[in-house]
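Engineer: My questions concern the predicted model and sequence given below.
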Amino acid sequence: MKKTGKLGEVVHLRLYVAGQTPRSLAAISNLKAICDKHFAEKYEVEVIDLLKNPTLAKDHQILAIPTLVRKLPIPVRKIIGDLSDTERVLIGLDIRQPGAKAVQAT
Amino acid sequence: MATRAKLHPTQIAALEKAPTGIKGLDDITEGGLPRARTTIVCGGPGCGKTMLGIEFLVRGAIEFDEPGVLIAFEESSEDIAKNVSSLGFDLKDLVARKKLLLDYVPLDPSEIHETGDYNLEGLFLRLQTAVESVGAKRIVLDTLEALFSTFSNQAILRAEFRRLFTWLNDQGLTSVVTAERGETTLTREGLEEYVSDCLILLDHRMQEQISSRRLRIVKYRGTKHGADEYPFLIDEQGISILPLTSIQLQHKVSSERVSSGVPAMDEMLDGKGYFRGSTILISGTAGSGKTTLSASFAAATCERGERCLYIGMEESGDQLARNMRSVNIDLERWIKKGLLSHEAWRPTQFGLEMHLLRIHKLVDKLKPQSIVIDPITNLIGGPNSREVESMLMRLMDFLKGAHITTMMVSLTEGGQSLETTRIGVSSLADTWVLLRDIELNAERNRCMYILKSRGMAHSNQLREFILTDKGIELVPAYIASAGVLTGSSRVAQEAREKAEALDRELGMRRRQEEMTRKRLVLQAQMEALKAELAAEEQAMEENSREYETRRLQGETVRKKMAKSRRA
């Protein structure tokens, strides 16, 4: 899924899951929904299944599952949980919503 | 085995232990940490928990061929792991040989936002990878509590911990988890709720500016364990726990005797000397000769070809050797031969446990047959004399059990009654030699007597203790009407006696000479009388000869006359 982003920046997201657990599946679908609805920017999403590639957990020191990592723009942000709380996800990702009040990048 | 009731599997597992290889810990735990179970090591910052965990892993890999994994959540753990190399462990080699894996998991809570339900499967997967990569049997998590500051959902965390410990046990891993000490609970976050197999508490306190470390096994399910607080230290060999053996008074004793180094003293000790493996206390005021006596004992040990450990807390080895040379005790010779080891350190350098632990370690390393501690009085730092007594008792117990003849030197302060020792050690000693100064005629001389010596008939006589350039001399003290005479008074008295004896002898000789003279005179008289007698007898004989001649002549004349008459 790609869309053009603000300032031409691409948002790289990586979602770490572990197998096809209900929580992991929920996270994937929640993420899809959030991306579709709220993102004005261009974004890129990878889903990594740690059960298949456990060593990849070291890249971002993943302990909690599911974890969503915003790789770009820096700084790296981590959001853990099944992403059911949309508000918090957006705050965590610090993504500007179209038409919403500008959220100051920290 | 067939008649034994079948034990529940968890019961059997609980009794198996994983040896740690950490000095003293395996003694206290009677075998090590519970195998395939989790042990919590908790304590304040800097108390040594990470050190203990790492040493557990490293020794497990080197000494017991059990590979291990360290999961470090804090940078400090990684640093400590690197520092372990200074203990002489080659971590790089262990890692290369896949005996050890150090996995540093940095945590940064500021990065993380929580948005719903999650679990710590990522952690589990990481652990699994690590464990599988080396085939680990041991694992250390340092410190799990770091996760509490990273993830704020307590409910999830606690549930995951429960799951984690079960998982570790199921994997058959002997685990050590470090935790911070709590105010009201043992661990700050109450981890002990989930892990109840074994909990070790470490403490690091300051007592009168000297640091003191203690270890206590708060609980250890399913086994006997030492329940006291054990002092320990961390040095260049890692952690050493003072193995406080329970004092059971069940040592086997020897009837062998060892010389004190002073033949006259051996005489006083039933003619044979001290019992091997016994404890001898030498007490006295300053300058009474205690060190000299202990140095002779040390030299005597070496002369027998045995090793002696001399622990000096007042003088350096060089100073001692020099001073002893002046009384003809050559300590350097034995040091060169390796039979005498002199260790010196200041009593104020360490806390009491450190002293005792050092002594333990030295005894373990050098395996001496006798030991001198000169003096023990300095071990008493502050007001904790009961603790000191208890420690000393344990030390003496340990030495007795090892059949090491122990000589302790104790300084009695001037003004105190000589027969009290400050810490009641005298009742623990088998032989007690008291050195005392006697003042008479503005002079002080050293004296010595044996206050007690268990198991032998010892002399109760006071001896004058003289240090000469030929060695120690013990002279029976002179008891005159003036009291005990020592030193120059004794010498004076001896001189007087010698003079008297000389006088008597001269007198005898004079009388003998007179006798001889008289005899000569009488003999001369006798000779004279004899001569007179002889002369008289000769005269007599001449007379009778003359008479005989005359008679014969007369006869001849008569015969002639008769003849002429007949005709």
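Structural biologist: Here it is on my side, so go on.
Engineer: Return the list of helices and strands in contact with the helix ranked longest in chain A.
Structural biologist: Criterion DSSP state H: the longest helix present in chain A is helix A:22-38. In terms of contacts (3 or more Cβ pairs under 8 Å, 6 or more residues apart in numbering or on different chains; DSSP states H and E), helix A:22-38 is packed against strand A:10-17, strand A:42-49, helix A:86-93. Glycine gets a C-beta too; all of them are placed from N, C-alpha and C.
Engineer: Now the last one: buried residues?
Structural biologist: When you say that, I think you mean helix A:86-93. Buried residues in helix A:86-93, counting neighbours by 16 or more other Cβ atoms under 10 Å in any protein chain shown, are found at A:R88, A:V89, A:L90, A:G92, A:L93.
Engineer: Repeat that for the first one.
Structural biologist: For strand A:10-17, the neighbour count (16+ other Cβ under 10 Å) marks A:V11, A:H12, A:L13, A:R14, A:L15, A:Y16, A:V17 as buried.
Engineer: surely B:L435 meets B:F465?
Structural biologist: Yes. The pair B:L435 / B:F465 is scored as a contact, 6.5 Å apart, by Cβ atoms under 8 Å.
Engineer: Show me whatever sits in contact with both of those two.
Structural biologist: The contact sets of B:L435 and B:F465 overlap at B:S288, B:G289, B:R446, B:C447, B:M448 (Cβ atoms under 8 Å, 6 or more residues apart in numbering or on different chains).
Engineer: Redo those as TSV? Include secondary structure.
Structural biologist: Listed next are these as TSV, based on DSSP: H, G, I helix; E, B strand; the rest coil:
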residue	secondary structure
B:S288	coil
B:G289	coil
B:R446	strand
B:C447	strand
B:M448	strand
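Engineer: Pass me the low-pLDDT residue ranges in the chain, would you?
Structural biologist: You didn't say which chain, so I picked chain A. Residue ranges of chain A with pLDDT under 70: A:1-9, A:40-41, A:95-106.
Engineer: You answered for a different chain; I wanted chain B.
Structural biologist: B:1-15, B:76-78, B:81, B:111, B:243-251, B:379-386, B:413-425, B:480-484, B:567.
Engineer: how about the residues of it that lie near chain A?
Structural biologist: Listed as neighbours of chain A in chain B under the rule Cβ under 8 Å from any Cβ of the partner chain: B:105-107, B:111-123, B:125-126, B:128-129, B:147, B:150-151.
Engineer: Which of these fall in strands?
Structural biologist: Using DSSP state E, the members of the residues of chain B next to chain A that fall in strands are B:I112, B:H113, B:E114.
Engineer: does the last one have beta-bridge partners, and which?
Structural biologist: According to DSSP bridges, A:I80 are recorded as the beta-bridge partners of B:E114.
Engineer: ok, residue 71 - how many residues close by?
Structural biologist: Since no chain was named, I'll use chain A. 15 (other Cβ atoms under 10 Å in any protein chain shown).
Engineer: Not quite, go with chain B.
Structural biologist: Counted with other Cβ under 10 Å, B:I71 comes out at 22.
Engineer: which outside residues touch the helix or strand harbouring it?
Structural biologist: Element membership of B:I71, judged by DSSP states H and E, is strand B:68-72. Outside strand B:68-72, the residues within contact range by Cβ under 8 Å, 6+ apart are B:53-54, B:56-58, B:60-61, B:77-78, B:81, B:99-105, B:126-127, B:130-131, B:134, B:136-142.
Engineer: I figured B:R257 was touching B:Y274, is that so?
Structural biologist: Yes. Between B:R257 and B:Y274 there is a contact at 6.5 Å, judged by Cβ under 8 Å.
Engineer: re the thing from before, now the buried members of the residues of chain B next to chain A.
Structural biologist: Buried, going by 16+ other Cβ under 10 Å: B:105, B:107, B:111-123, B:125-126, B:129, B:147, B:150-151, out of those.
Engineer: what's the burial count for the closest residue to chain A within the stretch 201-350 of chain B?
Structural biologist: Nearest residue of the stretch 201-350 of chain B to chain A: B:L202, at 26.6 Å (Cβ to the nearest Cβ). Using other Cβ under 10 Å, B:L202 is surrounded by 22 other residues.
Engineer: now do B:A344
Structural biologist: 16.
Engineer: which residues does it form a beta bridge with?
Structural biologist: Counting by DSSP bridges, B:A344 is bridged to B:G312.
Engineer: Quickly note the distance from it to B:R358.
Structural biologist: Between B:A344 and B:R358 the computed distance is 11 Å (Cβ to Cβ, to the nearest Å).
Engineer: With B:L522 instead?
Structural biologist: Counting by Cβ to Cβ, the gap from B:L522 to B:R358 is 88 Å.
Engineer: And B:L33, by the same measure?
Structural biologist: 26 Å.
Engineer: neighbour-wise, which of those two wins?
Structural biologist: B:L33 (26 against 19).
Engineer: phi, psi of that one?
Structural biologist: Backbone torsions of B:L33, given as degrees, to the nearest 10, read phi -90, psi 160.
Engineer: For it, which non-adjacent residue is closest in space?
Structural biologist: In space, not counting the residues next to it along the chain, B:L33 is nearest to B:T39; the distance is 4.8 Å by Cβ to Cβ, 6 or more residues apart in numbering or on different chains.
Engineer: Return the alpha-carbon coordinates of the host helix or strand of that neighbour using CSV.
Structural biologist: Applying DSSP H and E as the criterion places B:T39 in strand B:38-43. C-alpha atoms of strand B:38-43 as CSV (Å, rounded to 0.1, in the frame of the first residue of the first chain):
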residue,chain,number,x,y,z
THR,B,38,14.4,-20.4,38.8
THR,B,39,16.5,-18.7,41.5
ILE,B,40,16.0,-15.1,42.3
VAL,B,41,19.0,-13.1,43.4
CYS,B,42,18.0,-9.8,44.8
GLY,B,43,19.8,-7.0,46.4
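Engineer: Quick check: can you name the pairing partners of that strand and their directions?
Structural biologist: strand B:174-180 (parallel), strand B:198-207 (parallel).
Engineer: Give me the next element, helix or strand, following the last one.
Structural biologist: Pointing back at strand B:198-207 there. According to DSSP H and E, the helix or strand after strand B:198-207 is strand B:210-220.
Engineer: and that following strand, which strands flank it?
Structural biologist: The pairing partners recorded for strand B:210-220 under DSSP bridges are strand B:198-207 (antiparallel), strand B:229-235 (antiparallel).
Engineer: Parallel or antiparallel, which strands does the strand holding B:I71 pair with?
Structural biologist: strand B:100-104 (parallel), strand B:138-142 (parallel).
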